[in-house]
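> Here you go, sequence then predicted model.
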Amino acid sequence: MTEVLRLDDVRFVRQGKTILHGVDLTVEAGQHWALIGPNGAGKSTLLSLCGARQHPTSGTVHVLGRRLGRVELQALRRDIGHVDPRHPLTSALRIRDVVLTGVTGTIESVMRWEPSAEELARSADLIDLLGLAGKADEPWTTLSQGERGRTLIARALMSDPKLLLLDEPSTGLDVAAREDLLETLDEVREAHPSIASVLVTHHLEELPITTSHAALIAHGRLLAQGEADSVLTTELVSEAFEHPIAIERREGRWSARSLGRRDRAAIRGRV
Ligand SMILES: Nc1ncnc2c1ncn2[C@@H]1O[C@H](COP(=O)(O)OP(=O)(O)OP(=O)(O)O)[C@@H](O)[C@H]1O
């Protein structure tokens, strides 16, 4: 197995506050991780380290065998597809041009840069794969949130990354758009079998079927990590969210339901 990401004893401190405490995590090629935890647990911070956007305060982060702090972050980022819902594009670039900024690694199109025929063909294939066929000329400014998310995933895949980072990709989508996006993510993973991914979410309903591994984070510490079925359990998820939550997995998808007082009394009665 090829190691794509390795964090060893990572601490992250900002303004005197320890946001991550001694995080260890290894992600291998072909694995699809879910990073789950309550608000403020440290998920986005952890993802930013995985995406070579920040350095740890102590400990080490290796991305694709290269250690943060020993290589230029910009060079490393080219091998990472980071889908950030706060993508700061404000101009009316067409979908096809936004996708091509995945080659230049920029937000806006680069003046006087022309894509090669191969890059144009790849962008067209990715636009199709992400379900945006026929929309390539639509401007970013009028896209729906779902279309923007799909455009950004296509953009991230332009550089043929070994690691894809997805920060809450289905936030703000209606149930049909979310289900569609999750299926598309499964298709992307099937089309690129060696890619590894880390997807951040608060909601277990937002996990694609192809999720293979999971890590639960709370108060800046990983509570549990490993194969998804052994981590996404009623006991461990309840511990992470400090709330009794019943987890079920049906036809590959997870769901979470808060255990009400009556359920809890029934469980106590059974013990
Ligand atoms: N640069 C910073 N300076 C100070 N505190 C920060 C900084 N970045 C993050 N934090 C704090 O660290 C904690 C973790 O933030 P982070 O955004 O990683 O959590 P999260 O799990 O992604 O949360 P959410 O689910 O709400 O998006 C929060 O309490 C946040 O306020």
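Structure received. Numbers count the residues shown, from 1 in each chain.
> residue boundaries of the helices in the stretch 1-150 of the chain?
Under the criterion DSSP state H, counting those that start in this stretch, the stretch 1-150 of the chain contains helices at 43-50, 73-77, 95-104, 117-129, 145-157.
> where in the stretch 151-271 of the chain is pLDDT low?
In the predicted model of the stretch 151-271 of the chain, residues 261-271 satisfy pLDDT under 70.
> which ones are touching the residue of it found nearest the ligand?
Per Cβ to the nearest ligand atom, His202 is where the stretch 151-271 of the chain lies closest to the ligand, at 5.7 Å. To be clear about C-beta, it is placed using only N, CA and C from the backbone, and glycine gets the same treatment. By Cβ atoms under 8 Å, 6 or more residues apart in numbering, the residues touching His202 are 36-39, 168.
> Mark which of those are buried, thanks.
36-37, 168 (16 or more other Cβ atoms under 10 Å).
> export the residues you listed to TSV and tack on distance to the ligand?
Shown next, in TSV, are these (distance: Cβ to the nearest ligand atom, whole Å):
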residue	distance to the ligand
Ile36	9
Gly37	6
Glu168	7
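> Can you verify my assumption that Val231 contacts Ala224?
Yes: with contact defined as Cβ atoms under 8 Å, Val231 reaches Ala224; the gap is 4.8 Å.
> Now the common contact residues for the two.
Residues touching both Val231 and Ala224 (Cβ under 8 Å, 6+ apart) are 214-216.
> Turn the residues you listed into a markdown table, columns for secondary structure, distance to Ala92 and neighbour count.
Formatted as a markdown table, the shared contacts of Val231 and Ala224 follow (DSSP: H, G, I helix; E, B strand; the rest coil; distance: Cβ to Cβ, whole Å; neighbours: other Cβ atoms under 10 Å):
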| residue | secondary structure | distance to Ala92 | neighbour count |
| --- | --- | --- | --- |
| Ala214 | strand | 39 | 26 |
| Ala215 | strand | 38 | 23 |
| Leu216 | strand | 41 | 23 |
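> What is the burial count for Pro56?
Neighbour count of Pro56, defined by other Cβ atoms under 10 Å: 21.
> does it really touch Ser48, like I thought?
No: assessed by Cβ under 8 Å, Pro56 is found out of contact with Ser48, at 10.4 Å.
> Run the chain-centre distance for stretch 53-67.
Centroid separation for stretch 53-67 versus its chain: 18 Å, with Cα atoms, centre = their mean, to the nearest Å.
> Pull out the buried residues from it.
The neighbour-count check on stretch 53-67 (16+ other Cβ under 10 Å) flags 53, 56, 59, 61-64 as buried.
> Tell me which two in the residues you listed are the farthest apart.
Gly59 and Leu64 (17.7 Å; Cβ to Cβ).
> How about Ala218, nearest residue that isn't a chain neighbour?
In this structure, Ala218 finds its nearest non-sequential neighbour in Ala240, 4.6 Å apart by Cβ to Cβ, 6 or more residues apart in numbering.
> From Leu204, how far off is that neighbour?
Separation of Ala240 from Leu204 (Cβ to Cβ, to the nearest Å): 11 Å.
> Can you name the residues in contact with stretch 123-135?
Contact partners of stretch 123-135, identified using Cβ under 8 Å, 6+ apart, comprise 95-96, 99-100, 102, 115, 136, 147, 150-151, 153-154, 157-158, 180, 184, 187-188, 191.
> just checking, what packs against the longest helix anywhere in the chain?
Secondary structure of the chain per DSSP state H: the longest helix is helix 175-191. With contacts defined as 3 or more Cβ pairs under 8 Å, 6 or more residues apart in numbering; DSSP states H and E, helix 175-191 has these neighbours: helix 117-129, helix 145-157.
> per-residue pLDDT, the nearest residue to Ser109 once chain neighbours are set aside?
In this structure, Ser109 finds its nearest non-sequential neighbour in Asp97, 5.3 Å apart by Cβ to Cβ, 6+ apart. With respect to pLDDT, Asp97 scores 96.
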